[in-house]
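A.B. asks: Dropping the sequence and predicted coords here.
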Amino acid sequence: MRILVVGGGGREHALAWHLAGSGHQVFCAPGNAGIEQVARCEPVSTADLPGLVQFALRQKVDLTIVGPEAPLVAGAADEFGRQGLAVFGPRQSGARIEGDKAFAKELMLAAGIPTAPSRTFADFDAARNYLIQHRLPVVVKASGLAAGKGVVVAESRQEAEQAVADMLREGRYGEAGKVIVIEEFLQGEEVSMIGLCDGRSVHLLAPAQDHKRLLDGDRGPNTGGMGAYAPAPVMTAELQRKVRQKVFVPLLAEFHKRDIDYRGVIYAGMILTADGPQVLEFNCRFGDPETQVILPLLGGDLAELALACTEGRIEQQNPVHITDRAAMCVVAAADGYPGSYGRGTPVSGDLVGRDGVVVFHAGTKSEENRVVTNGGRVLGVTGIGRSLLEARDKAYRALEGINFKGMVYRRDIGARGLASRGG
C-alpha cells in the first residue's frame, strides 16, 4: 500500500518504521531526520489540513494514518473523508474525547465507566472555593489540548490555587485552559491500554506503562512522556478482560447512542486502584512514547489492521503479538524541557540502532548533512529483548553512545515492571 503518516515525532517514526518494515511505501508530513531514512518526507504542516489532503490525492495514497491529536481534533479525518480518502483516525466528533476533557468526563459518567470524581470550572472564584473544601492531593487539568503538560498534581492548597490561577487567570495554556477539570487524586500504578476500533469492535494491543514525570522517582513536572515499556506485567490477562468489559464496551455503546462512528485508536490512560481500574483520560491517537514499545511487539501488519478499522471489519483480523519479547523506550530530552529549550544542537552517535535497539527520532531535523535537535523530546531509544531486563540494558547501553549538549534522560524507566516481574 501507499501510506501517508501525518506527524513528525517519535510516534510517527515508529509508525513509519513498522509500516516500511512490512513492505509498504510510506510518505510522511512533515517527518523528521529519522523518518527520512524509511519514508519520503513532505514539508506540510500537520495544521495544514487542505495541504495534507492535496498531497494524499497527488500521491494516490491508499491509507492515511494521523499521528498527533491536534489535527484530529481540528477535523483531519473529516477532511480526508470528504475527498473519499481512507483515513485511520476518528472524526472530529469522536476526537473530542481528547480535545475536551470536560466532555470526556461527562461521557464517562453517562457510560458508567469508572473514573475519578470531578468538577468542571470556567470561573476562577468558583474553582478556588471548591478547592478550599477538597482533600489533598488534588489534580487540576486544562480541559483542552496542552501537549500532555496541562495537568498538575497539587500536594498543597497553594500549589492547587496557583495551578487554577495559571490556567483561568493567566492563560498559561491559552484556549486549552479556559475550562478546567478538578478531580480527585487516585493512588495506584498507571497503565496505558490502546485499542484499534472500527466503530463497533475494538482490538487491544499490548499494555504499556508510561513515565510522565521529568525526573527519576516520578518527581518534577509532567511531560509528554520520558519513557515507556511493554508489556506491563501489572496488567494481567484477567485485568485486560475487565478493562475491555468495563471501559471499552460501554464507551463504544455510548458512542453509538450519540451517533459517533469512531474508527481509529482509542487510548485509555488508567490507574489501577485498590477498587479496580479507573480511567484517567482517553486519547484519540497512539500514545507517545507507548507506540515506540508496542509496535516492536506487534507481529502483524499495522496497515492491514488500520485499513480493516476504516472498513468496519477489525473482527475479521487476527493480529499476531510477540509474546516472548519485551520492549523499553528511554527518551533523551533537551535541557529545559518541558519548559523552554534551545534548538539546532548537533546530535552524535548511533542514531539508527542495531542488535535489538531502534532509535526513534522525535525532535530532530537534518541540517547541512548532520542531525540537530528540533524539539524538547529529541530521541526515543528502544531496546527489545526476551525479558524486560534485557530490553532495559540494551536501551541504556545504546544511550551511552549518543550525545548532544544538555541531554537529559531518566535512569529508572521500567523500575516498577522489573520489581513486579523480577526481570
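C.D. replies: Good, I have the coordinates.

A.B. asks: Now do the domain split for this structure, please.
C.D. replies: As given by automatic domain parsing, the domain ranges for the chain are 2-91, 123-178, 189-316, 326-421.

A.B. asks: just so I know, which of the ones you listed lies nearest Gly99?
C.D. replies: domain 2-91 (3.6 Å; CB to CB). C-beta here means a position set from N, CA and C on the backbone, and glycine is covered the same way.

A.B. asks: average model confidence for that closest one?
C.D. replies: Domain 2-91 shows an average pLDDT of 98 in the prediction.

A.B. asks: and if you look at stretch 179-188?
C.D. replies: Here the average pLDDT along stretch 179-188 is 94.

A.B. asks: Repeat that for stretch 228-236.
C.D. replies: Per-residue scores along stretch 228-236 average to 96.

A.B. asks: what does that stretch contact?
C.D. replies: Contact with stretch 228-236 is made by 189, 191-193, 206-211, 243, 272, 287, 289-290, 292-294, 297, 326-329, 388, 391-392, 413-414, 416-417, 420-421, as judged by CB atoms under 8 Å, 6 or more residues apart in numbering.

A.B. asks: Give me the buried positions along stretch 181-201.
C.D. replies: 181-183, 186, 190-199, 201 (16 or more other CB atoms under 10 Å).

A.B. asks: most centrally placed residue in the chain?
C.D. replies: Gly287 (1.9 Å; CA atoms, centre = their mean).

A.B. asks: Report the separation between that one and Val164.
C.D. replies: 27 Å (CB to CB, to the nearest Å).

A.B. asks: ok, for Val408, nearest residue in space, not its chain neighbours?
C.D. replies: Distances taken as CB to CB, 6 or more residues apart in numbering place Ala333 nearest to Val408, at 4.8 Å, with adjacent residues excluded.

A.B. asks: cool, and Val152?
C.D. replies: Ala163 (3.9 Å).

A.B. asks: secondary structure element for that neighbour?
C.D. replies: Applying DSSP states H and E as the criterion places Ala163 in helix 157-168.

A.B. asks: Can you check what angle separates the following helix or strand past that helix from helix 157-168?
C.D. replies: Later in the chain than helix 157-168, the nearest helix or strand by DSSP H and E is strand 180-184. Taking axes from the mean of the first three to the mean of the last three CA atoms, to 10 degrees, one finds that strand 180-184 is oriented at 150 degrees with respect to helix 157-168.

A.B. asks: who does strand 180-184 touch, helix- and strand-wise?
C.D. replies: Packed against strand 180-184 by the contact rule (3 or more CB pairs under 8 Å, 6 or more residues apart in numbering; DSSP states H and E) you find helix 101-111, strand 118-121, helix 124-132, strand 138-142, helix 157-168.

A.B. asks: Work out for me the element Ala95 sits within.
C.D. replies: With DSSP H and E as the test, Ala95 turns up in helix 92-99.

A.B. asks: Next, the angle from that helix to helix 101-111.
C.D. replies: Going by the same axes, to 10 degrees, helix 92-99 makes 100 degrees with helix 101-111.

A.B. asks: and for helix 92-99, what are the contacting residues?
C.D. replies: 69, 72-75, 77-78, 89-90, 103-104, 107, 144-145, 255, 258, 260-262, 264, 266, 281-285.

A.B. asks: how distant is it from the center of its chain?
C.D. replies: Averaged C-alpha coordinates place helix 92-99 at 15 Å from its chain's average position (CA atoms, centre = their mean, to the nearest Å).

A.B. asks: Going along the chain, name the helices of the protein.
C.D. replies: Secondary structure of the chain by DSSP state H: the helices cover 10-21, 49-58, 69-73, 76-82, 92-99, 101-111, 124-132, 157-168, 237-243, 249-257, 291-294, 302-310, 388-399, 415-421.

A.B. asks: re the thing from before, hmm, which of the contacts of helix 92-99 are the buried ones?
C.D. replies: 69, 72-75, 77-78, 89-90, 104, 107, 144-145, 255, 260, 262, 264, 266, 281-285.

A.B. asks: pLDDT weak spots in this structure?
C.D. replies: Judged by pLDDT under 70, the chain has its weakly predicted residues at 148, 421-423.

A.B. asks: Am I right that Ala116 is in contact with Glu183?
C.D. replies: Yes. Counting by CB atoms under 8 Å, Ala116 does reach Glu183; the two are 4.4 Å apart.
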